[in-house]
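Student: can't give you the sequence, but here's the structure:
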């Protein structure tokens, strides 16, 4: 939680072939660069506890990425809940 972004940030806004929403659990900048430069996507980076179901920023995405990161997974109950919700969607 300490290493996650605190705000929603968009990279390559509107210029990518697809839009990927990334839950930041300690993501390094190299991952952002890889998505944007190598795969030509718009990347929306959200805090690890961003509520995907409520989606308060009304974000639209084609795919979901959960970054790796340091820390204790037991502190990421909200992230796990959100990922379970996303997986259950069609």
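Tutor: In hand now; what should we look at? Because the structure is predicted, anything quoted here is derived from the model rather than measured.
Student: give me the low-pLDDT residue ranges for the chain?
Tutor: By pLDDT under 70, the weakly predicted segments of the chain are 1, 70-71.
Student: which stretches of it form helices?
Tutor: 29-33, 39, 77-88 (DSSP state H).
Student: the shortest one: how far from the chain's middle?
Tutor: The gap between where helix 39 is centred and where its chain is centred comes out at 16 Å by Cα atoms, centre = their mean, to the nearest Å.
Student: not counting sequence-adjacent ones, nearest residue to the spatially most central residue of the chain?
Tutor: Centroid-nearest residue in the chain: residue 22, 1.6 Å away (criterion: Cα atoms, centre = their mean). In space, and not counting its chain neighbours, residue 22 is closest to residue 65: 4.4 Å by Cβ to Cβ, 6 or more residues apart in numbering. (C-beta placed from N, C-alpha, C; glycine too.)
Student: do residue 31 as well
Tutor: The shortest distance from residue 31 to any non-neighbouring residue, by Cβ to Cβ, 6+ apart, is to residue 67 (6.2 Å).
Student: and for residue 5?
Tutor: Closest residue to residue 5 apart from its sequence neighbours, by Cβ to Cβ, 6+ apart: residue 24 at 4.7 Å.
Student: cool, residue 10 as well?
Tutor: Using Cβ to Cβ, 6+ apart, the closest residue to residue 10 is residue 44 (5.1 Å).
Student: that neighbour bridge partners, please.
Tutor: residue 10, residue 21 (DSSP bridges).
Student: so how far is residue 82 from it?
Tutor: 14 Å (Cβ to Cβ, to the nearest Å).
Student: wait, the residue nearest to the centre of the chain touches residue 42, no?
Tutor: No: taking Cβ atoms under 8 Å as the definition, residue 22 is not a contact partner of residue 42, at 10.9 Å.
Student: got the contact list for residue 88?
Tutor: By Cβ atoms under 8 Å, 6 or more residues apart in numbering, the contact set of residue 88 is empty.
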